[in-house]
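*Asks:* Return a 3D structure for these sequence lines:
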Amino acid sequence: MKKQKLITLLGSTGSIGTQALDVVRQHPDRFGVYALVANNSVERLAEQVREFRPQVAVIANEAKREALSELVGDVPVEICAGTEAICQVAASTEADIVLAAMVGFAGLRPTIKAIEAGRTIALANKETLVVAGELITRLSTEKGAPLLPVDSEHSAIFQCLAGERGNRIEKILLTASGGPFRTASADELRRVTPQQALRHPQWAMGAKITIDSATMMNKGFEVIEARWLFDVAPERIEVLVHPESIMHSAVQFADGAVKAQLGVPDMRLPIQYAFTYPERPMLRSDRLDLLKVGTLHFEAADTERFPCLAIAYEALRAGGNMPCIVNAANEVLNEAFRAGRITFLQIGDTLRRMMVLAPFEAHPTLETYIETDKAVRQLTEELI
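*Replies:* Next up, the predicted model:
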């Protein structure tokens, strides 16, 4: 009988975390939970602790530690709180796999700690590679800590590359749904509300990533992520708008062959593949029926209406701490738009200003990234 794999979930109460726990729920013989980590959702975290009985539960918001202790006082679990506790649990050698699903820059340090401890990383926090891709991939190699992608697009590419070691990638075809404003005119985009932007046509995701999908910044970040995960130059990563979200991405090889991974929109599949790679155990989920789908459509990405995609490519080519600058500014602008403080189009306009105003560093260290993130957030707030 195979040994049960223990998993640490960084971001257990978010969209990815809850779906990951459903995968665990389907395979109690394969997986157990070592630690659950959440930001603020203390009630949901308490429910998860009661069901999955982890050894450790961490709430990032230290003010909610007592509330969590009261909710699970009768459960034999160690309760911790704060950023340092998250980093410590991420580095624990008790877990076999660390699911990095915390949102934004906050996920960077815990992911680095897990890599330094040699853990297998199921990577759902794209900002980790956006901000510090060169550092993360180098550390992963040095420490023997595999990076297994959880984003549906990068998992699709990873699956297409199975068995292709040594074969040259000519092009990565990274698919995008186009978001809720795929067919919107430039004039319509000027009047977009946060409520409209939060209605994604295909995927159920958290608020931050849903807005990033609407601006196509999420796809831009995925371009940066793909560059580091698969060691492919930016000019060989092409974004295809594919509204059905059935083809999750594809790889074109040197002989012209194209391999694609298809499936219904369901994040549990890439999560489970990262947990079980290279195996494919049964997953209870909807199956793809191509006869019902009928037709798949593909369009070129429009970087004039969606400048955030072009900005991501520019940041990637600039290198250094430029992607970190763009990420930090985008996190502030995303939240400001959701709060009604700026318009939809001001996100892209302000990002371009920040690329000029923020100090550029060609050879950043981890300390540089931390300082850049802090400074850019402050400067972006001042611009708003």
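
*Asks:* Please count neighbours and contacts with C-alpha atoms only from this point.
*Replies:* Will do.

*Asks:* quick one: Thr365 from Glu371, how far?
*Replies:* The gap separating Thr365 from Glu371 is 10 Å, by CA to CA, to the nearest Å.

*Asks:* Tell me which of those two has more neighbours.
*Replies:* Thr365 (14 against 11; other CA atoms under 10 Å).

*Asks:* quick one, what contacts the more buried one?
*Replies:* Leu135 (CA atoms under 8 Å, 6 or more residues apart in numbering).

*Asks:* In the stretch 101-250 of the chain, what residue spans correspond to helices?
*Replies:* Along the stretch 101-250 of the chain, counting by DSSP state H, counting those that start in this stretch, helices occupy 108-116, 126-143, 152-160, 186-189, 194-197, 207-215, 217-230.

*Asks:* CA-only coordinates of the third one in PDB, if you can.
*Replies:* Meaning helix 152-160. Provided in PDB are the C-alpha atoms of helix 152-160 (Å, rounded to 0.1, in the frame of the first residue of the first chain):
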ATOM      1  CA  SER A 152      -5.000  25.300 -15.800                       C
ATOM      2  CA  GLU A 153      -3.000  26.700 -18.700                       C
ATOM      3  CA  HIS A 154       0.400  25.900 -17.300                       C
ATOM      4  CA  SER A 155      -0.800  22.500 -16.200                       C
ATOM      5  CA  ALA A 156      -2.000  21.900 -19.800                       C
ATOM      6  CA  ILE A 157       1.500  22.800 -21.200                       C
ATOM      7  CA  PHE A 158       3.100  20.600 -18.500                       C
ATOM      8  CA  GLN A 159       0.900  17.700 -19.600                       C
ATOM      9  CA  CYS A 160       1.600  18.300 -23.300                       C
END
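
*Asks:* before we move on, back to that, can you redo the helices of the stretch 101-250 of the chain as a markdown table with mean pLDDT, mean neighbour count and distance to Val241?
*Replies:* Formatted as a markdown table, these follow (pLDDT from 0 to 100; neighbours: other CA atoms under 10 Å; distance: least, CA to CA, whole Å):
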| stretch | mean pLDDT | mean neighbour count | distance to Val241 |
| --- | --- | --- | --- |
| helix 108-116 | 95 | 23 | 29 |
| helix 126-143 | 94 | 20 | 20 |
| helix 152-160 | 97 | 23 | 12 |
| helix 186-189 | 92 | 12 | 18 |
| helix 194-197 | 90 | 16 | 17 |
| helix 207-215 | 91 | 22 | 12 |
| helix 217-230 | 96 | 24 | 10 |
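
*Asks:* which stretch among the ones you listed comes nearest Phe337?
*Replies:* Phe337 lies closest, by CA to CA, to one member of the helices of the stretch 101-250 of the chain: helix 194-197, at 6.6 Å.

*Asks:* for that closest one, the distance to its chain's centre please.
*Replies:* Distance of helix 194-197 from the chain centroid (CA atoms, centre = their mean, to the nearest Å) equals 21 Å.

*Asks:* Packing partners of it?
*Replies:* helix 207-215 (3 or more CA pairs under 8 Å, 6 or more residues apart in numbering; DSSP states H and E).

*Asks:* okay, now Met216: neighbour count?
*Replies:* So Met216, with other CA under 10 Å, has 29 neighbours.

*Asks:* My guess is it contacts Ala310. True?
*Replies:* No. In this structure, Met216 is not within contact of Ala310 by CA atoms under 8 Å, at 9.3 Å.

*Asks:* before we move on, the earlier item: may I see the helices of the stretch 101-250 of the chain organised as JSON lines, with distance to Thr83 added?
*Replies:* Shown next, in JSON lines, are those (distance: least, CA to CA, whole Å):
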{"stretch": "helix 108-116", "distance to Thr83": "8"}
{"stretch": "helix 126-143", "distance to Thr83": "16"}
{"stretch": "helix 152-160", "distance to Thr83": "28"}
{"stretch": "helix 186-189", "distance to Thr83": "38"}
{"stretch": "helix 194-197", "distance to Thr83": "30"}
{"stretch": "helix 207-215", "distance to Thr83": "20"}
{"stretch": "helix 217-230", "distance to Thr83": "24"}
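
*Asks:* Can you say which of these is nearest to Gly340?
*Replies:* Closest among those, once you apply CA to CA, is helix 194-197, at 7.2 Å.

*Asks:* In PDB, list the C-alpha atoms belonging to the closest one.
*Replies:* The C-alpha coordinates for helix 194-197 follow below in PDB (Å, rounded to 0.1, in the frame of the first residue of the first chain):
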ATOM      1  CA  PRO A 194     -16.600  46.400 -10.700                       C
ATOM      2  CA  GLN A 195     -19.800  44.300 -10.600                       C
ATOM      3  CA  GLN A 196     -19.600  43.700 -14.400                       C
ATOM      4  CA  ALA A 197     -15.900  42.900 -14.200                       C
END
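
*Asks:* what does that helix contact?
*Replies:* So helix 194-197 is contacted by Pro180, Phe181, Thr210, Ile211, Ala214, Phe337, Arg338, Ala339, Gly340, Phe344 (CA under 8 Å, 6+ apart).
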